[in-house]
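# dropping the sequence and predicted coords here.
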Amino acid sequence: MKQSYLFIMFCTLMFLVSCKGGDDSIIQEDTKTLSTGTVEGKVFAKNGTKPVGGALVFTIDNKNHVYHTYSNADGTFSLVAPEGNTTLHIQTGNGLNFRTEIPVTVKKNETITVAGKDSKLNQIAKIAYVEGSYDEIETIISNLGYAATQISYHDLKNLNTISQYDIIFLNCGSRNFTQTGTNTPGNDLEVFDNLSTFITNGGSIYSSDWAAAYLVGGNKNVISCGLGAGFINYTQICFSDSGSIGMYNNCSVSNTAMAASIGFNTLDIQYDQPLWEKIQYYDPLFWEVLVEKGNEALMVRTNKYTNKNAPKISVGTSLNNNHMTICHHTPNGNMITLTINQNAWSAHQAHGDNMGSCSGSTNSGNIYYTTFHNHASGNIGKTGPILEYVILNL
Ligand SMILES: [Zn+2]
C-alpha cells in the first residue's frame, strides 16, 4: 500500500515537472528533495506593449540543469523551477541578439509573477540597415523599441565597418540608393566577399525581394536564375523578377515553431509591386522554408552557409565577448539552444553539451529572405508579425 502510494506520487511529480519542460535528470537524481515553485509573466518587446511569443524562458540550477519553457503567442509564460534565489533568463533566437536576465526568488509550491517592466527583451545586438525603397524594416525595428544604425551601400565594402554589427538588414531596393556607375551588387565583389565573411563568422543578415541581388548577384535586382555572381551559388537558390501585383491567399506558415510564436499558420499576402522576386528553386538541404503557398516558397532561412576560405574575424558587439551559444542536452535526449556566460561552459560540456546552436553545423549566422516586405504605404497585414519574428530571431 505504502509502496504504490509512493509510486503514484513519483509518477505525478514526473509528469508535473517533465511536461513543464524541466531537465529530467533532476527528477531521477533528486526526487525526494526537489522543491519547486512557479514563475509566471509575459514577455514584451522593449517598447513594453508588443507581446513576444516563442521566447525561451529558463533558469539554471547550481548543477547546471536547465528548467525551461517557451512564451505563448500572447507573450505569457509559466515556468516550474527549483525554489530559491535564481536568475530568470529570457532569450529569442539563439540568445545572442536579444536577451534579458531577471533576479527572482522561486518559492516552494507558490506562484510568483514577474512585472511586465522587467520581462522586456533587451537588445544586445548592434543592428545596421541599408536604406531601401518600398521597404522600411527599420520602422518595424524602432516600433518594437529597438535601435538600428543606418549604413550606406558603400559601407558594405568595408569589413571593419560591418564587422562591428551582429545583424545587417538589406532592404529591398537598397542597391538603388547609392548606385553610381558600377557601384552595384551585381559586379561588386567586395560586397559579396564581405557579406560572406560576415555570415561565416557569425553575423546574420535579412534581405527582402530585390535585395536577393545581395545573395546571388544582380544589379538592380535578380532578372533571372543563374545569371548572377553573388556569394550564394545558384544551385542553392534561384530567383527571377517574375512576380506580379496581386493577392496570395491561404499561404501557410510551414515552420511550427514560428507558427506557435506568432499565433497563426495561414495568412493572405498582398504583393502590391510588380516584378517581385519569385523563388524559382531552392535546395531543401540548405534552406528551411518558413512560409509557402502550395509548393512555392515565399520565405526561407538558413544557418548552413559557410565559406571555408573566409578569414577568421571577430563579428558583433563586445557585449557578447563573455557569452557563448550552446546546444544543451537534457538527459532524455531533448536539445535546447541557449546562450550562457562562458564561465559556465565547462559544466555544460561535462554533461555532453555542444558549442553552437542545436540546428546548425557551423558557427555561421542566419540568412533570412522574404519575397514580401514592409512598404512605405499600405497595409502589410499578417506579414507584420512575421517580420517582427525575423527581427527577434535573426
Ligand atoms: Zn547544459
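Cool, the structure landed.

# so what's the residue count around the nearest residue to Ala45 once chain neighbours are set aside?
Once flanking residues are discounted, Ala45 sits nearest to Leu144: 4.2 Å by CB to CB, 6 or more residues apart in numbering. C-betas here are computed from N, CA, C, even on glycine. Applying other CB atoms under 10 Å, we find 20 residues neighbouring Leu144.

# state the distance from Leu144 to Lys120.
Look at Leu144 and Lys120: by CB to CB, to the nearest Å, they are 10 Å apart.

# can you list the weak-confidence ranges in this protein?
Confidence mapping of the chain against pLDDT under 70 gives the ranges 1-33, 175-187, 228, 361, 376-378.

# just the helices in the stretch 1-150 of the chain please.
Assigned helices in the stretch 1-150 of the chain, in chain order: 2-18, 25-30, 137-143 (criterion: DSSP state H, counting those that start in this stretch).

# again with the stretch 151-300 of the chain
159-162, 189-200, 213-216, 256-262.

# possible to save the ones you listed as JSON lines with distance to the ion?
Formatted as JSON lines, these follow (distance: least, CB to the ion, whole Å):
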{"stretch": "helix 159-162", "distance to the ion": "32"}
{"stretch": "helix 189-200", "distance to the ion": "26"}
{"stretch": "helix 213-216", "distance to the ion": "34"}
{"stretch": "helix 256-262", "distance to the ion": "20"}
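
# kindly provide the distance from Ile223 to Tyr214.
15 Å.

# the more surrounded of the two?
Per other CB under 10 Å, whichever of Ile223 and Tyr214 has more neighbours is Tyr214, with 30 against 17.

# ok, that one touching Ser207?
Yes - using CB atoms under 8 Å, Tyr214 makes contact with Ser207 at a distance of 5.3 Å.

# okay, and the common contacts of those two?
Common neighbours of Tyr214 and Ser207, counting by CB atoms under 8 Å, 6 or more residues apart in numbering, are Leu170.

# just to be sure, Val390 is in a helix?
Yes - remark: Val390 belongs to a helix, assigned using DSSP: H, G, I helix; E, B strand; the rest coil.

# not counting sequence-adjacent ones, nearest residue to it?
The shortest distance from Val390 to any non-neighbouring residue, by CB to CB, 6+ apart, is to Tyr368 (5.2 Å).

# that neighbour: which element?
According to DSSP states H and E, Tyr368 maps onto strand 367-370.

# can I get that strand in PDB, CA atoms only?
Extracted in PDB, the C-alpha atoms of strand 367-370 (Å, rounded to 0.1, in the frame of the first residue of the first chain):
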ATOM      1  CA  ILE A 367      20.300  34.400 -43.600                       C
ATOM      2  CA  TYR A 368      16.600  35.200 -43.800                       C
ATOM      3  CA  TYR A 369      15.000  36.000 -47.200                       C
ATOM      4  CA  THR A 370      11.400  37.100 -47.700                       C
END
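
# pull up the residues of this structure that are close to the ion.
When proximity is defined as CB under 5 Å from the ion, the chain approaches the ion at 328, 348, 353.

# now secondary structure, distance to Asn233 and neighbour count too, for those, in CSV please.
Output for the residues of the chain next to the ion, formatted as CSV (DSSP: H, G, I helix; E, B strand; the rest coil; distance: CB to CB, whole Å; neighbours: other CB atoms under 10 Å):
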residue, secondary structure, distance to Asn233, neighbour count
His328, strand, 33, 23
His348, helix, 36, 21
Asp353, coil, 33, 23
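
# would you convert the residues you listed into TSV that also reports distance to Asp272?
Output for the residues of the chain next to the ion, formatted as TSV (distance: CB to CB, whole Å):
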residue	distance to Asp272
His328	43
His348	48
Asp353	46
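
# got the contact list for the nearest residue to Ser196 once chain neighbours are set aside?
Using CB to CB, 6+ apart and skipping residues adjacent in sequence, the residue nearest Ser196 is Phe231, 4.0 Å away. Applying CB under 8 Å, 6+ apart, one finds that Phe231 lies in contact with 192-193, 195-196, 215, 307.

# quick check, Leu338 in a helix?
No - the assignment for Leu338 is strand, going by three-state DSSP, so no helix is present there.

# excluding sequence neighbours, find me the nearest residue to it.
Gly95 (5.3 Å).

# show me what contacts the one you found?
Contacts of Gly95 by CB under 8 Å, 6+ apart are 56, 89, 323, 325, 337-339.

# then Thr113?
39-41.

# filter these to the buried ones?
Buried by 16 or more other CB atoms under 10 Å: 39, 41, out of those.

# next step: the contacts of Thr113 restricted to strands.
Members of the contacts of Thr113 lying in strands (criterion: DSSP state E): 39-41.

# what comes up buried for stretch 357-377?
Neighbour-count burial for stretch 357-377, with 16+ other CB under 10 Å as criterion, is recorded at 357-358, 360, 363-375.

# nearest to the ion, of the residues you listed?
Here the nearest of these to the ion, counting by CB to the ion, is Cys358; it sits at 11.3 Å.

# now the closest one: which helix or strand?
Under DSSP H and E, no helix or strand contains Cys358.

# wait, what's in contact with Asp166?
Residues near Asp166 by CB under 8 Å, 6+ apart: 96-97, 124-127, 202-204, 315-317, 320, 365.

# how about the strands in the stretch 201-350 of the chain?
204-208, 237-240, 246-253, 266-271, 278-282, 288-293, 296-302, 323-329, 335-341 (DSSP state E, counting those that start in this stretch).
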